[in-house]
Every structure is written in structure tokens, then in C-alpha cells.
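S.K.: requesting a structural model of the entry that follows:
(one chain, ligands or ions: 1)
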Amino acid sequence: MDDSLRLRARTARVGIKSGALRGDALKELLLSVPFIDRDVWVDELLGIDEIPSDMPGLPPESVPYLPCGVEEVLAVLHGTIRPDDVLVDLGSGLGRVVILAHLLAGIRTHGIELQEHLVQGARARCTELGLDGVTFAHADASTCELEGSIFFLYAPFTGAMLARAIHRLEEIARRRSIVVCAVGLEFHHVPWLRARESPSVSMAIYDSASWHVR
Ligand SMILES: C[S@@+](CC[C@H](N)C(=O)[O-])C[C@H]1O[C@@H](n2cnc3c(N)ncnc32)[C@H](O)[C@@H]1O
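M.R.: Numbers count the residues shown, from 1 in each chain. Below you'll find the predicted structure:
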């Protein structure tokens, strides 16, 4: 990324801290950054320096930390977002998805992450930016309490952990309609999820269509 883009990110960061830069204005600025530089630009904007190492002893079914691209976050927000929607990222890492979604859509967001140092890093980013609509839990997302309307999974886990998480999501979907967004995972075999058209080739979006109409 060249110096002029870096400067633009630092100026935008001041706008975010003051509360002046949000929503469509932020999206427009983001889209004005060349595609190839966008992920690095967002990291500069949010104050994310480098990808930390994973904790020793990460369970075998847990996928190590790797942030998803900005394009996927934009794709999640492409559909109808209601002001009372709550987006939950299962395996939220340093919080890139939940922080960006909150800034762009103005909705409350919540990240659940197994690795404590990543949770601490994510909370520190929010404190620096003065954000209070983003929360994090240090927990196993396949067993902890889940509350939200849009659930985002960038391949956080596999096997029994994933099966447990899908079961928990089904329990919520039996009470009210939810949206599930998946990167690096496919849920076509899950009977209560219906795929909808996704604006991103790398992300699948599903509605819980069996019991409710959203
Ligand atoms: C591929 S990364 C995705 C990070 C983040 N969602 C993003 O897109 O920027 C997967 C994340 O899931 C976390 N993870 C793995 N197993 C988990 C579990 N059982 N509960 C919560 N987080 C978990 C990992 O520590 C890692 O940060």
C-alpha cells in the first residue's frame, strides 16, 4: 500500500474515532481503495498490525486464525439489514468482521472467540476506536449461549464442533428466523437452511426458511 493510501486510512481512523465516519460514507471511501489494497487498508484503519500466532494446544477441530476479506463483510451487508439485527461472528479472531459490520451497518455485533489473546486484541481495537456497539466473548462458540439474527462463520471449526454449532443455530431458528453466512463451508445438506443468491462467490448465505418468513 502506498503512502497516500496509508494517509487516507489514518485520516479515516480519526473520523471513526470522532463518530463522524460511518455507514455509506465509510463504504464509499472503502470502495475507492483499489481492490488489491483493501484488506491491508482496513487493517491500517482498524489498527490491526499483524496476525498473531495461534495459542498452543488449539483443539484439532478448531481452525487457526485467518481474517476473512473485506469483500465478504460487504457481501454479508448486501442484503436487507434491519436496525435491530445483531450479527454474531462464530470464531471472531481480532474482530475484523464484527467491527467493520458495526461501522458500515450501524447494527450491534458480537464476536465469540476461543483464543483469549485474540479476544483481548479485538477489545483493545474497539476501545481505541471508541466503539460501544461491538462486544466479544471468550468462549467456545459451539457450546456457549448464542443470541443474534445474522450468524457469520468463516470456517471456524470442523467435525463435531461444527455439528454442535449448527444444532445450536437450529434451536434459535425454531424460535425466530435467522440468516447464516458461511465462508469456506457449505450447508446445502442442512435441511432447515435455504441458500439465497449471494453477491460473493466465496460466501454462501442461507435463510432459516422452515419455520418462519424473515
Ligand atoms: C478462519 S478464522 C476466522 C476469523 C474471523 N471470523 C474473521 O473472519 O476475521 C477462525 C477463528 O475461529 C476461532 N475458533 C476456532 N474454534 C473455535 C471455537 N470452538 N469457538 C470460538 N472460536 C473458535 C479460531 O481461533 C480463529 O480465530
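S.K.: in the helix or strand hosting I166, which residues are buried?
M.R.: Secondary structure here is read from DSSP states H and E; on that basis I166 sits in helix 159-175. For helix 159-175, the buried set under the neighbour-count rule, 16 or more other C-beta atoms under 10 Å, comprises M161, L162, R164, A165, I166, R168, L169, E170, I172, A173. Where C-beta positions appear, they are placed from N, C-alpha and C, glycine not excepted.
S.K.: near the ligand, list only the ones from the residues you listed.
M.R.: Checking the buried residues of helix 159-175 against the ligand by C-beta under 6 Å from any ligand atom, the ones in range are M161.
S.K.: returning to that earlier point: contact partners of the helix holding I166?
M.R.: 59, 61-62, 90, 140-143, 146-148, 151, 153, 156-157, 178, 180, 185, 187, 190, 192, 208, 210-212 (C-beta atoms under 8 Å, 6 or more residues apart in numbering).
S.K.: so which of the buried residues of helix 159-175 is the closest to T80?
M.R.: When the buried residues of helix 159-175 are compared for distance to T80, the smallest value, 17.6 Å, is given by A173; criterion: C-beta to C-beta.
S.K.: which pLDDT value goes with that closest one?
M.R.: At A173, the predicted lDDT confidence score is 96.
S.K.: before we move on, what about W211?
M.R.: The per-residue confidence score, pLDDT, reads 66 for W211.
S.K.: then M203?
M.R.: In the predicted model, M203 carries a pLDDT score of 94.
S.K.: contacts only, for it.
M.R.: Counting by C-beta under 8 Å, 6+ apart, M203 touches E72, A75, V76, C181, A182, V183.
S.K.: do H188 as well
M.R.: With contact set as C-beta under 8 Å, 6+ apart, H188 has these partners: A195.
S.K.: that one: which element?
M.R.: Assigned by DSSP H and E, H188 falls outside every helix and strand.
S.K.: what's the answer for I205, then?
M.R.: Counting by DSSP H and E, the secondary-structure element that holds I205 is strand 203-208.
S.K.: ok, now H110?
M.R.: For H110, the enclosing helix or strand under DSSP H and E is strand 108-113.
S.K.: can you pull out the residues in contact with that strand?
M.R.: With contact meaning C-beta under 8 Å, 6+ apart, strand 108-113 is reached by 85-93, 95, 97-99, 101-102, 119, 122, 133-139, 141, 144, 146-148.
S.K.: narrow the contacts of M203 to just the buried residues.
M.R.: The neighbour-count test (16+ other C-beta under 10 Å) marks E72, A75, V76, C181, A182, V183 as buried among these.
S.K.: can you redo those as JSON lines with pLDDT, secondary structure and distance to D37?
M.R.: Shown next, in JSON lines, are the buried ones among the contacts of M203 (pLDDT from 0 to 100; DSSP: H, G, I helix; E, B strand; the rest coil; distance: C-beta to C-beta, whole Å):
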{"residue": "E72", "pLDDT": "94", "secondary structure": "helix", "distance to D37": "17"}
{"residue": "A75", "pLDDT": "94", "secondary structure": "helix", "distance to D37": "19"}
{"residue": "V76", "pLDDT": "94", "secondary structure": "helix", "distance to D37": "21"}
{"residue": "C181", "pLDDT": "96", "secondary structure": "strand", "distance to D37": "24"}
{"residue": "A182", "pLDDT": "97", "secondary structure": "strand", "distance to D37": "26"}
{"residue": "V183", "pLDDT": "97", "secondary structure": "strand", "distance to D37": "21"}
